[in-house]
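*Asks:* the sequence isn't on hand, but the structure is:
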C-alpha cells in the first residue's frame, strides 16, 4: 500500500507537470504550486488545532481514563513512537481519528460513542490503527496530495481566465482549441480529485495493516470496524466534509457507486483484508 500511495502521488505529480507545462509554462506551474502550497501547509501546521476545534474534542487526563491511557502508552511503545495526546469527542457516533504533523506531536481522538460501543480489545484495535496513521505520517502525505491537486485546480482557473481574454482579443477563435480547453477544465480536476481520494483510501488500508501489526490482533480491528459501520449509518453526525477523511470510518459514509468518490475503502473490503493478514510479531 505504501508503494501504491507513492505511485498515485507520482501520477498526480505527472499530471500537474504535464498540464502545467501546457497551460501556464514554468512560471504558471510555480505560481500555482506556491498558492496551493501556502494554503495547504498552513492547514498542515495547524491541522490538529483545526480538526480538534471543529469536532469539539476535549483533552483526556490520565485520571479520567487510566485504562485508556495505559493502552495508548503500550501501543505507542510497540510502534516505537512517543505517546500521542488523547482527546474525547462528545458524540454518540462511534468513531476516532488521528492528527498531528508527525510522531512527535501526534493526537488521537475518540468519540464517547466508540468507548461505549466497543469492548476493550476492539478499542485497542482502533487505537492501534490511529497510531499507525501517526507513525506513517499520513497527515503529511494527504497534505502533499492536496497541494498538488490544488495546484492543478489553480492551473485550470488560469486556463479558464486565459480563454476568456483570448476570446475577447481574437476575432475568430479556433473551435477545436476552445473545445479541448473546455474538456480539460472539466476533466482534469475530476481526475486529480479521484487520484487524491484513491491515495486517501490506500492510506486507510496501510493503517489497517500497520495497526494490526502493532496490536498483533487484526481480528480486533475487524470486529470494531463491523460494529462501527453498523452504527455510523444509524447515528448521523454533523462533520465538516473537509475533515471526514481523518476518521476511521467515514462519518458521512455512503456506499455503492459512491465508493469511488469516498475517502475510505468499503468496510467489507477492509475486514476481508484484515482476515487475510499474516502477522509477524515485532515487525512494522
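*Replies:* Good, I have the coordinates. Only a predicted model underlies this, so the values are computations on that prediction, with no experimental measurement involved. Residues are numbered from 1 along each chain as shown.
*Asks:* show me where this protein has helices.
*Replies:* With DSSP state H as the criterion, the chain has helices at 2-23, 25-55, 66-79, 112-117, 120-135, 138-169, 175-215, 218-232, 267-276.
*Asks:* where does the prediction get shaky in the stretch 1-150 of the chain?
*Replies:* 1-2, 24 (pLDDT under 70).
*Asks:* returning to what we had before: which of the helices of the chain is buried the deepest?
*Replies:* Stretch with highest mean neighbour count among those: helix 120-135 (a mean of 25; mean count of other Cβ atoms under 10 Å). The way it works is simple: take the backbone N, C-alpha and C, and place the C-beta from them, glycine included.
*Asks:* returning to that earlier point: nearest to residue 241 among the helices of the chain would be which one?
*Replies:* Each of the helices of the chain has some distance to residue 241 by Cβ to Cβ; the shortest is helix 25-55, at 10.9 Å.
*Asks:* what angle do the closest one and helix 2-23 make?
*Replies:* Interaxial angle, helix 25-55 versus helix 2-23 (axes from the mean of the first three to the mean of the last three Cα atoms, to 10 degrees): 130 degrees.
*Asks:* between helix 25-55 and helix 138-169, how many degrees?
*Replies:* Angle, helix 25-55 to helix 138-169, by the same axes, to 10 degrees: 130 degrees.
*Asks:* could you give the separation of helix 25-55 from the chain centroid?
*Replies:* 15 Å (Cα atoms, centre = their mean, to the nearest Å).
*Asks:* what's in contact with stretch 185-200?
*Replies:* 5, 8-9, 11-12, 15-16, 19, 141-142, 145-146, 148-149, 152-153, 156, 159-160, 245, 260-264 (Cβ atoms under 8 Å, 6 or more residues apart in numbering).
*Asks:* in contact with residue 138, which residues?
*Replies:* 98, 203, 207.
*Asks:* the first one contacts residue 246, correct?
*Replies:* The reference is to residue 98. Yes: with contact defined as Cβ atoms under 8 Å, residue 98 and residue 246 form a contacting pair (7.3 Å).
*Asks:* and residue 192, what pLDDT?
*Replies:* Per-residue confidence (pLDDT) for residue 192: 85.
*Asks:* whoops, residue 246 was the one
*Replies:* Residue 246 is assigned a predicted lDDT (pLDDT) of 86.
*Asks:* can you report how many residues lie near it?
*Replies:* Neighbours of residue 246 under the rule other Cβ atoms under 10 Å: 25.
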